[in-house]
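A.B. asks: Output the structure for:
(2 chains)
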Amino acid sequence: MSNTFQRPPAFSGTWSPDTIEAIQEKAELGRYQIRGQATKRQDLPSFDDLVFTPAGLSRMPLEGYRERCDTKVVIGEGRVSRPLVLDRPIMIAGMSFGALSVNAKRALGIAATNCGISTCTGEGGMHPEERQHSSKLVMQYLPSRYGMNPYDLQKADMIEIGAGQGAKPGTGGVLLGLKMSEEVAKMRDLPPGVDQRSGCRHPDWMGADDLYMKLEQIREVTNYEVPISIKVGASRIANDVRIACKADVDAIVFDGMEGGTAASPAVQLDHAGIPTIAAVAEAVEALHDMGKQDDIKLIVGGGIKNGADAAKCLALGADVVYLGTAPMIALNCHAPIYLEDYERLGTTPYECQHCHTGLCPVGITTQLPKLMARLDVEEAAERVTNFLNAMTMEIQLFARSCGKNKVADLDPNDMRSLTHAASMMTGIPMVGLNGRKPWWTKF
Amino acid sequence: MENVETLAIDCSDKATREVNNLIRKAADDGVKQVEILNTQARHNIGVGILKPIHLIYRGHVGYYTVGLCDNVTAEIHGTAGWGVGDNLLAGEVVVHGNAASSAAPSLRGGRVIVKGDSGPRSGVYLKSGDVIIGGNAGYMSGFMMQNGRLVICGNAAKGLGDSMYQGQIWLGGEADEIGSGVEQVDPEDGELDAILTLLEQHKMKAPKAFKKLQSDRSLWNFNKHDFAAWKDAL
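C.D. replies: Numbers count the residues shown, from 1 in each chain, chains lettered A, B, ... in the order given. Okay, here's the model as predicted:
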């Protein structure tokens, strides 16, 4: 028996190892830290703070393998001549060619096509490979207008005006030099190897009135055929919804602060925007206030990791969930392979957030041919397809267990809150209270 | 509309969509030019036209005139609202009056000429082609331009060419302030002559001299020893 006692380290709460490392990194680099993926915060309210209250005696559930549970969503129905029909309430979020390798874009396109859902170009223009592999492709129209042209707009199945993203609301995109390959640079009209910083606001519209005119311009170019959405980082939700309604968009996309990124200032990731669970609740209320809840679809993203998150988001009132990081992980992001390359980056699988470096060990967020070759497109596409199928089954599982034959019929009454914070934010009653005030308030 | 040389479209009794569809049909039918009457500063007139045609606007126009077009030439006999020639791929737009903010944003080819003054952010995100301003240009003109030429015969307000990646700015007058990452350089042989020829072709008065400005590339990649530039650029 040993007589030595190993005292656990007593780290300071203020000067934690992460804080010390951040200060030392800034002291070395002379700039703010940049990292990929998403916020590292672990104290955010999330969909895990809600639970479903499925059927019992008072409501009948649906048979899992016998009774249908519809998952279809249509964006722009009755508004444009070619609405976007999604087989499931899921879309792959905008991730640029540049941020991702072309193999990753191909694989996501194949998987999305297999599942009857869409991918999105992200910044940097429409790569022909993505158009070829994605049967439903959303084209982002962003401040930088990299690669923008009317012909590609006409090839798109929906246009998404990008006005912000959850990972870094109020700032523009970043693509560091190692990822600015000859091909990426050519598509963006930039010099290869340059650290690209994109504008944070559109060059030719500023407010609500301008946005209406911009929408009219894009509708003219696309002959009023396809829906137009506007994507905003979740922040000043209610006012943003009002402006989007005035502009008469077909869908609004809110990206919560848990949203993904290929490169963002770390402080922005951790200290800007609002959590997704709060965003969806505020957005739904604002849409109802405007009387537009039946006309304008609500798409919500930001840290949605499984069917439970998605089902809760839909039950709160979203029509579609946006996925970026989760399908990337299904591609192979964080996979415990090529361990020596993780080590060279000073990281490990499961904690890697080095998308911004362009040295992705698994070939997803890189433009280096040697690394890109590590992602087998067919295998990766199958993994993402499997993940999306599993997630769809999970969403249906909750809908059926709550007695709903359409996932769109999930509603706030199907849930209860586990925390006061979630209850306050969403209006979902606390568990155990059955929506009433505590019993002792009667006396 | 076959064999029609010039088609006249009166905007006063037509919706924007109808006007644009008439222009597109005229281009499809090989009509050489369209005269657009009673423009009434309307927005999005002549947008998304992708076949060659010449547009003559008789009056003031609103936002995004000749926006997202290809191979279109146009003359605007009035002032132009925001974003004239937005994202033009090829062709030429001549504004005979002044232009409001963000003239020729993200131009990808061809030429946008403003014979009068032009507002803030003229030539913003210019990617290729020429933006030529006969008078003065507003705040942050040439911001983040990526290539092409921005020619300003008069003066420029603050932030000229701020954060430009590539391309050239030719300034006839003075700038209130040059933007971050911009330097003045000597023209190369023939460059100035090409500019003067362009001005002469369009009957525009050239200033006595031009300064050539371009990116000093200090903002291409982060440099911790040049904090002053990055403090303003980021």
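
A.B. asks: Show me which residues of chain A are close to chain B?
C.D. replies: For chain A, the residues in contact with chain B (Cβ under 8 Å from any Cβ of the partner chain) are A:29-31, A:144-145, A:148-151, A:153, A:177, A:188-191, A:193-195, A:197, A:199, A:203-205, A:210, A:213-214, A:216-218, A:220-224. For every residue, glycine as well, the C-beta is placed using N, CA and C.

A.B. asks: Among the residues you listed, which ones are in helices?
C.D. replies: A:29, A:150-151, A:153, A:188, A:210, A:213-214, A:216-218, A:220-221 (DSSP state H).

A.B. asks: By pLDDT, give me the weakest of those.
C.D. replies: Note: of those, the lowest pLDDT belongs to A:L29, at 88.

A.B. asks: which residue sits closest to it in space, ignoring its chain neighbours?
C.D. replies: Once flanking residues are discounted, A:L29 sits nearest to B:K224: 6.4 Å by Cβ to Cβ, 6 or more residues apart in numbering or on different chains.

A.B. asks: Check that neighbour and give its pLDDT.
C.D. replies: Value for B:K224, per-residue pLDDT: 77.

A.B. asks: separation between it and A:G324?
C.D. replies: 31 Å (Cβ to Cβ, to the nearest Å).

A.B. asks: So what's the residue count around residue 29?
C.D. replies: Here I'm looking at chain A. Residues within reach of A:L29, counting by other Cβ atoms under 10 Å in any protein chain shown, total 12.

A.B. asks: hm, I was asking about chain B
C.D. replies: By other Cβ under 10 Å, neighbour count at B:D29 equals 14.

A.B. asks: In contact with the nearest residue to B:T6 once chain neighbours are set aside, which residues?
C.D. replies: Closest residue to B:T6 apart from its sequence neighbours, by Cβ to Cβ, 6+ apart: B:Q33 at 5.1 Å. Residues near B:Q33 by Cβ atoms under 8 Å, 6 or more residues apart in numbering or on different chains: B:5-7, B:53-56.

A.B. asks: Tell me where the model's unsure across chain B.
C.D. replies: Chain B contains residues with pLDDT under 70 at B:1-3, B:230-234.

A.B. asks: So which bits of the longest helix along it are buried?
C.D. replies: In chain B, taking DSSP H as the definition, the longest helix is helix B:16-28. Neighbour counts over helix B:16-28 (16 or more other Cβ atoms under 10 Å in any protein chain shown) mark B:16, B:19-20, B:22-24, B:26-27 as buried.

A.B. asks: same thing with stretch A:301-317?
C.D. replies: A:301-305, A:307-317.

A.B. asks: before we move on, the earlier item: contact partners of the longest helix of chain B?
C.D. replies: If you take Cβ under 8 Å, 6+ apart as the criterion, helix B:16-28 is touched by A:216, A:220, A:224, B:1, B:4, B:7, B:9, B:11, B:14, B:34, B:36, B:42-53, B:55.

A.B. asks: redo that, cut-off 7 Å
C.D. replies: A:216, A:220, B:1, B:7, B:9, B:11, B:34, B:42, B:44-49, B:51-53, B:55 (Cβ atoms under 7 Å, 6 or more residues apart in numbering or on different chains).

A.B. asks: can you list the residues of chain B near chain A?
C.D. replies: By the rule Cβ under 7 Å from any Cβ of the partner chain, the part of chain B lying against chain A is B:16-17, B:20, B:43-44, B:47-48, B:50, B:63-64, B:67-68, B:70, B:82-83, B:86-87, B:89, B:102, B:105-106, B:108, B:121, B:124-125, B:127-128, B:144, B:146-147, B:165-166, B:220-222, B:224, B:227.

A.B. asks: now, which of the residues you listed lie within helices?
C.D. replies: Going by DSSP H, the helices hold B:16-17, B:20, B:227 from the residues of chain B next to chain A.

A.B. asks: Out of the buried residues of stretch A:301-317, which two sit at the greatest distance?
C.D. replies: A:K305 and A:G317 (19.6 Å; Cβ to Cβ).

A.B. asks: Count the residues that sit near B:A90.
C.D. replies: Neighbour number of B:A90 under other Cβ under 10 Å is 16.

A.B. asks: And for A:R35?
C.D. replies: Count around A:R35 with other Cβ under 10 Å applied: 20.

A.B. asks: next one: A:T4
C.D. replies: Neighbour tally, A:T4, other Cβ under 10 Å: 4.

A.B. asks: would you say it is within a helix?
C.D. replies: No: counting by DSSP: H, G, I helix; E, B strand; the rest coil, A:T4 is located in no helix; its state is coil.

A.B. asks: can you give me the strands in chain B?
C.D. replies: Secondary structure of chain B (DSSP state E): strands at B:6-10, B:33-37, B:53-57, B:72-76, B:91-95, B:111-114, B:130-133, B:149-152, B:168-171, B:182-185, B:211-215.

A.B. asks: A:C360 is nearest to which of those?
C.D. replies: strand B:211-215 (29.7 Å).

A.B. asks: Can you tell me which of the buried residues of helix B:16-28 lies closest to A:M257?
C.D. replies: Nearest to A:M257, judged by Cβ to Cβ, of the buried residues of helix B:16-28 is B:T16 at 38.4 Å.

A.B. asks: Residues in contact with whichever strand or helix holds A:E343: which ones?
C.D. replies: Assigned by DSSP states H and E, A:E343 belongs to helix A:339-344. Around helix A:339-344, the neighbours that count as contacts under Cβ under 7 Å, 6+ apart are A:348-349, A:352, A:361.

A.B. asks: So which residues of the stretch 151-300 of chain A form helices?
C.D. replies: A:182-188, A:208-221, A:237-247, A:266-271, A:276-289 (DSSP state H, counting those that start in this stretch).

A.B. asks: Serialize these to CSV and add fields for mean neighbour count.
C.D. replies: Below are the helices of the stretch 151-300 of chain A laid out as CSV (neighbours: other Cβ atoms under 10 Å in any protein chain shown):
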stretch, mean neighbour count
helix A:182-188, 18
helix A:208-221, 21
helix A:237-247, 19
helix A:266-271, 17
helix A:276-289, 23
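
A.B. asks: could I get the ones you listed as CSV with distance to A:C333?
C.D. replies: CSV is the format used below for these (distance: least, Cβ to Cβ, whole Å):
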stretch, distance to A:C333
helix A:182-188, 19
helix A:208-221, 33
helix A:237-247, 29
helix A:266-271, 17
helix A:276-289, 20
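
A.B. asks: Among those, single out whichever gets nearest to B:H77.
C.D. replies: Nearest to B:H77, of all those, is helix A:208-221, at 21.6 Å by Cβ to Cβ.

A.B. asks: ok so, going back, of the strands of chain B, which is nearest B:H202?
C.D. replies: strand B:111-114 (5.8 Å).

A.B. asks: Now for A:K305: which residues touch it?
C.D. replies: A:K305 neighbours (Cβ under 7 Å, 6+ apart): A:A326.

A.B. asks: got the buried residues for stretch B:63-78?
C.D. replies: Per 16+ other Cβ under 10 Å, stretch B:63-78 contains these buried residues: B:63-78.

A.B. asks: Now chain A against chain B: closest residue?
C.D. replies: A:G30 (2.7 Å; Cβ to the nearest Cβ).

A.B. asks: how about that residue, what does it touch?
C.D. replies: Applying Cβ under 7 Å, 6+ apart, the residues near A:G30 are B:224, B:227.

A.B. asks: With adjacent residues omitted, what lies nearest to A:Y212?
C.D. replies: Counting by Cβ to Cβ, 6+ apart, the residue nearest A:Y212 is A:A247, at 4.7 Å.

A.B. asks: isn't that neighbour right up against A:L211?
C.D. replies: Yes: counting by Cβ atoms under 7 Å, A:L211 is a contact partner of A:A247 at 4.3 Å.
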